[in-house]
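Visitor: Starting from these lines, generate the structure:
(one chain, ligands or ions: 1)
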Amino acid sequence: MKKVIYPKIGGVDSIEILDVEEPRASDGEVVVRVHRAGINFADLMMRQGLYGSNPDFPFTPGYEASGVVTSLGKGVEGLELGDRVIAMTGFGGYSEKVSIPRSRVFKLPDSVTFDQAAAIPVTYGTAYHMLFHLGRISPGDSVLIHHAAGGVGTAVAQLCKVAGASVVIGTASAPKREFVESIGVKFVDRESEDFVKVCKDMTDGKGVHHAIDPVGGRNLMRSYKATRRGGKVYFFGASSAVKGDKRSIISAFRMWLNTPKFNPIKMMSSNKAIFGVHMGLLDDSTIFEGHLTALSKMLEDNEIDPIIDSIWRFERVAEAQMHMHDRKNRGKILLDFAPE
Ligand SMILES: NC(=O)c1ccc[n+]([C@@H]2O[C@H](COP(=O)([O-])OP(=O)(O)OC[C@H]3O[C@@H](n4cnc5c(N)ncnc54)[C@H](OP(=O)(O)O)[C@@H]3O)[C@@H](O)[C@H]2O)c1
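Guide: Numbers count the residues shown, from 1 in each chain. The predicted structure is shown next:
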């Protein structure tokens, strides 16, 4: 069987596809024949050695994969051969087959497609965690999101509708204006417009209730300024560390240097909160399982429906990742590993 490998730190041209032996299900494990694997921005950062919490090279990336159960290890209960599932692989999802612990495999309702399943966990799970679990978003709240047209951005837009948010403001690059407006978000050109001003203008000068920042660097302090007294800022990514598909130590260093060190005394007097969010490092897995259960219900009730930008055959993984590097995606990018 085939799997994608990151052999070492590198650009998209470093990615390899290897022929390897099929995995066997150890005790308590399940082998899943993958149909779709989600691509996340974190996968690009890992390839550049900028992520910090990935396995040592060489390794196979891929947090999430949908597919069919083909083998069950000893002691596995509640699943049968042929079941359609979503596998929270952690790493290794970019593969025709994966073997993972039973606790990370969830049966799919009949109505949920493989595309929907692979597009939901990381993006919607993260968005749900911030807005609902940490943020306790209420009807009428206002929200700022960056990369509004991307995987997490489109998930945030849909969850804001579910929550009854009054205003959702989103930054993205210029060609995405029409798309961002079509998902009910006030578009702000990330290059030429001042999102702090737009946030203030649209909230009677107060600022937004929730500012969701996956950019880091100087952007984070501006997101804080765009937030009202009593508001919440969520810091959950460092996209400003990335410049093109090859690692740029200068960009990474600039991001680190410019990321603000907040003063708790000032935060106290403004009643503002800053959450650091890393879904891959949540200690309590039941929290994420709860999010998936809530999201599954929203999907069945047609309250959310992931926007798929494109699906690429896995042999074209380098082009698929380049599509994200080039800031072209509108919604989620998936890899197709289904048997032909
Ligand atoms: N902490 C967590 O647990 C967690 C979980 C999920 C995602 N995240 C973070 O959330 C962000 C979005 O993730 P995603 O997977 O949904 O990706 P995404 O938003 O679908 O993908 C990339 C988009 O980001 C924008 N972008 C900004 N800087 C970029 C750069 N240097 N290179 C390429 N594109 C850049 C581009 O759109 P525009 O320039 O048009 O806006 C691009 O289309 C990432 O920072 C990611 O690390 C964090």
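
Visitor: Any idea how many residues pack against Gly170?
Guide: Neighbour count for Gly170, taken as other Cβ atoms under 10 Å: 30. From N, CA and C alone the C-beta is placed, and that goes for glycine too.

Visitor: Leaving out chain neighbours, which residue sits closest to it?
Guide: Distances taken as Cβ to Cβ, 6 or more residues apart in numbering put Ala148 closest to Gly170, at 2.5 Å, once the chain neighbours are dropped.

Visitor: What separation is there between Asp141 and Val233?
Guide: Per Cβ to Cβ, to the nearest Å, Asp141 is found 14 Å from Val233.

Visitor: shared neighbours of the two, anything?
Guide: His210 (Cβ atoms under 8 Å, 6 or more residues apart in numbering).

Visitor: out of these two, which sits in the more crowded spot?
Guide: Val233 (26 against 21).

Visitor: Get me the contact residues on the stretch 51-200 of the chain for the ligand.
Guide: Neighbours of the ligand within the stretch 51-200 of the chain, by Cβ under 6 Å from any ligand atom: 122-123, 126, 147, 149-153, 172-173, 176, 190.

Visitor: Surely Met298 touches Pro306?
Guide: No. With contact defined as Cβ atoms under 8 Å, Met298 does not count as touching Pro306 (11.0 Å).

Visitor: Of these two, give the one with the bigger neighbour count.
Guide: Between Met298 and Pro306, counted using other Cβ under 10 Å, Pro306 has the larger neighbour count: 24 against 17.

Visitor: Can you name the residues that contact that one?
Guide: Asp115, Gln116, Ala119, Ile120, Thr123, Tyr124, Thr154, Ala155, Gly331, Lys332.

Visitor: same thing but 6 Å
Guide: Applying Cβ atoms under 6 Å, 6 or more residues apart in numbering to Pro306 gives the contacts Gln116, Ala119, Ile120, Lys332.

Visitor: Roughly how far does the spatially closest residue to Tyr6 that is not a sequence neighbour sit from Ile9?
Guide: Nearest-residue entry for Tyr6: Arg47, 5.2 Å, with adjacent residues in sequence omitted and distances by Cβ to Cβ, 6+ apart. Arg47 sits 7 Å away from Ile9, going by Cβ to Cβ.

Visitor: Could you do Pro121 as well?
Guide: Taking Cβ to Cβ, one finds Pro121 at 26 Å from Ile9.

Visitor: Neighbour count: those two, which is higher?
Guide: Counted by other Cβ under 10 Å, Pro121 and Ile9 do not tie: Pro121 has more neighbours, with 25 against 14.

Visitor: pretty sure that one is in contact with Glu64, am I right?
Guide: Yes. Counting by Cβ atoms under 6 Å, Glu64 is a contact partner of Pro121 at 4.6 Å.

Visitor: what's the pLDDT at the residue nearest to Gly170?
Guide: With respect to pLDDT, Ala148 scores 98.

Visitor: try Val76
Guide: 97.

Visitor: contacting residues around it?
Guide: By Cβ under 6 Å, 6+ apart, the neighbours of Val76 are Val30, Arg102.

Visitor: Pull out the buried residues from stretch 178-197.
Guide: By neighbour count on 16 or more other Cβ atoms under 10 Å, the buried set for stretch 178-197 is Phe179, Val180, Ile183, Val185, Lys186, Phe187, Val188, Asp189, Arg190, Phe195, Val196.

Visitor: Next up, the contacts around Met130.
Guide: Ile212, Tyr234, Val277.

Visitor: Hmm, the second one is touching Phe275, no?
Guide: Yes. Distance between Tyr234 and Phe275: 4.9 Å, which falls inside the contact criterion (Cβ under 6 Å).

Visitor: What separation do you get for the residue of the stretch 51-200 of the chain found nearest the ligand and Pro260?
Guide: Across the stretch 51-200 of the chain, the shortest distance to the ligand (Cβ to the nearest ligand atom) belongs to Gly150, at 1.8 Å. With distances taken as Cβ to Cβ, Gly150 is found 23 Å from Pro260.

Visitor: Per-residue pLDDT of the one residue in the stretch 201-340 of the chain that gets nearest to the ligand, please?
Guide: Nearest residue of the stretch 201-340 of the chain to the ligand (Cβ to the nearest ligand atom) works out as Gly237 at 2.7 Å. pLDDT recorded at Gly237 is 97.

Visitor: same deal with the one 4 residues further on?
Guide: In the prediction, the pLDDT value recorded for Ala241 is 97.

Visitor: so what's it up against?
Guide: Residues near Ala241 by Cβ under 6 Å, 6+ apart: Leu50, Ser251, Ala252, Met255.

Visitor: which non-adjacent residue is nearest the third one?
Guide: Distances taken as Cβ to Cβ, 6+ apart place Ala241 nearest to Ala252, at 4.2 Å, with adjacent residues excluded.

Visitor: same check, this time on Ala25
Guide: Using Cβ to Cβ, 6+ apart, the nearest residue to Ala25 is Gly73, at 3.6 Å.
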